[in-house]
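Chemist: the following comprises the amino acid sequence and a computationally predicted model.
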Amino acid sequence: MNLSDFPHRRYNPLTGEWILVSPHRTKRPWQGKIEQVVLPPAVSYDPKCFLCPGNQRAGNSKNPQYETTFAFDNDFAALIPDIPRETLNEQDLLVARGEQGRCRVVCHSPRHDLSFPLLTSLEICGVIDIWASEFMEAGSYDNVNYVLIFENRGELMGATSAHPHSQIWATESIPTIPASETVKQAEYSTERHSCLLCDYVKLELAMQSRMIITNDSFAAVVPFWAVWPYEVLVVPLEHYSDIGGMSKKARADFADILLRLTTRFDNLFSTPFPYSMGIHQRPTDGKDHEEWHLHAHFLSPLARSLSMRKLMAGFEILGMAQRDFTAEDAARKLRSCAEVHYTNQKPMQ
């Protein structure tokens, strides 16, 4: 198949969904506006920030003078541990069920201005250790069957605070997308007696056309079925089903990949790159889930600059997902980015 010139569909084996790819559309001349976005200067401490050390939070609690990472219960949690187990069912058309759960917030650093690309690998490893311990604790509760770790970076992705932080939502039910991934990985394991993502990452390593960066334990790749312009999948090379089971070496390598990848993101358009990152891992419903292979999704709407974004509209929200430039082209552009952050690069003489 000619994947670089003609429209085609690509299959996502993790969810069973298809995406339309229209690479010929990239040949049309771009007449849209590309503007230089001027961002406010970064500050190491913001007295108005709810997440900075020592500050009062929105829920009237006060942050300690933390010096590394800091985790706490979300003051305005979307899920509550103890609610009545009630249901509603009107002729199987109006159906609702109570949902118990817990929501935590993890501040990555006491510094207001240091996101992943500006932290050290050791500092990021500290965040990963917190994620792992929070996953293990939340997953031990009887009313928690899934733990989703995610980060929304930037106002564009809905972050309500500029202070770098991630969230951990522990839910009674398994959310829709991880539930689909559970089914598809289990089907693949049953049919092929192998792991879907183990096989996939081996194929991508052999082909290299969509690979961005690797280290001893992880690979970052633009998935063949990517929907968003610079969507990235981070996959461990060994079969880990959850972040709590990762070795110390693997956690260090995960930190290395996160640092190098997010630096490339920022360097792509010389701007703090907004994204939603989510770590998908096995459910905590008491089953073995040997089919599950831990992975992290990075999703962002940026297409040409901070102001030039991909908007899901028309055919895409009423028919199926669609993209113009290919996953291979996106990977090539990310590979070409430097691993020294643009704010630390020396100007050309």
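Modeler: Thanks, I have the structure now.
Chemist: pull the residues that contact stretch 284-294.
Modeler: Applying C-beta atoms under 8 Å, 6 or more residues apart in numbering, the contact partners of stretch 284-294 are 138-140, 144-147, 174, 182, 185-186, 188-189, 195-198, 235-236, 239-243, 246, 279-283. Placement of C-beta: from N, CA and C, glycine included.
Chemist: just the residues you listed: which are in strands?
Modeler: Counted as lying in strands by DSSP state E, out of the contacts of stretch 284-294, are 146-147, 235-236, 279-280.
Chemist: the worst-scoring helix or strand of the chain on mean pLDDT: what's the following helix or strand?
Modeler: Least confident helix or strand, the chain: helix 315-318 with a mean of 90, by mean pLDDT, DSSP states H and E. Sequence-wise, the next helix or strand downstream of helix 315-318 (DSSP states H and E) is strand 321-323.
Chemist: now do that following strand: everything it contacts.
Modeler: 17-22, 226-229, 310, 312, 315-316.
Chemist: returning to that earlier point: so of the contacts of stretch 284-294, which ones are in helices?
Modeler: Assigned to helices by DSSP state H, the following of the contacts of stretch 284-294 qualify: 138-139, 182, 185-186, 188-189, 196-198.
Chemist: helices of this structure, start to end?
Modeler: Using DSSP H, helices in the chain cover 121-139, 176-192, 196-207, 248-269, 315-318, 327-335.
Chemist: for the last one, packing partners?
Modeler: Judged by 3 or more C-beta pairs under 8 Å, 6 or more residues apart in numbering; DSSP states H and E, the packing partners of helix 327-335 are strand 211-214, helix 248-269.
Chemist: would JSON lines of these with mean neighbour count be doable?
Modeler: Formatted as JSON lines, the helices and strands packed on helix 327-335 follow (neighbours: other C-beta atoms under 10 Å):
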{"stretch": "strand 211-214", "mean neighbour count": "20"}
{"stretch": "helix 248-269", "mean neighbour count": "21"}
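Chemist: shouldn't residue 246 be in contact with residue 240?
Modeler: Yes - using C-beta atoms under 8 Å, residue 246 is in contact with residue 240, at 5.2 Å.
Chemist: quick revisit: quick check: buried residues in the least confident helix or strand of the chain?
Modeler: residue 316 (16 or more other C-beta atoms under 10 Å).
Chemist: contacts for that helix, please.
Modeler: With C-beta under 8 Å, 6+ apart, helix 315-318 has contacts from 20, 322.
Chemist: the ones in helices among the contacts of stretch 284-294: which two are farthest apart?
Modeler: 138 and 188 (27.2 Å; C-beta to C-beta).
Chemist: that older thread, which among the ones in helices among the contacts of stretch 284-294 end up buried?
Modeler: Buried by 16+ other C-beta under 10 Å: 138-139, 182, 185, 188-189, 196-198, out of the ones in helices among the contacts of stretch 284-294.
Chemist: just the closest of those residues to residue 269, please.
Modeler: residue 197 (29.3 Å).
Chemist: now the strands for the stretch 1-150 of the chain?
Modeler: With strands called from DSSP state E, counting those that start in this stretch, the stretch 1-150 of the chain shows them at 8-12, 17-21, 70-73, 87-90, 94-97, 101-107, 146-153.
Chemist: quick one: which of those is nearest residue 341?
Modeler: Nearest of these (C-beta to C-beta): strand 146-153, 14.5 Å.
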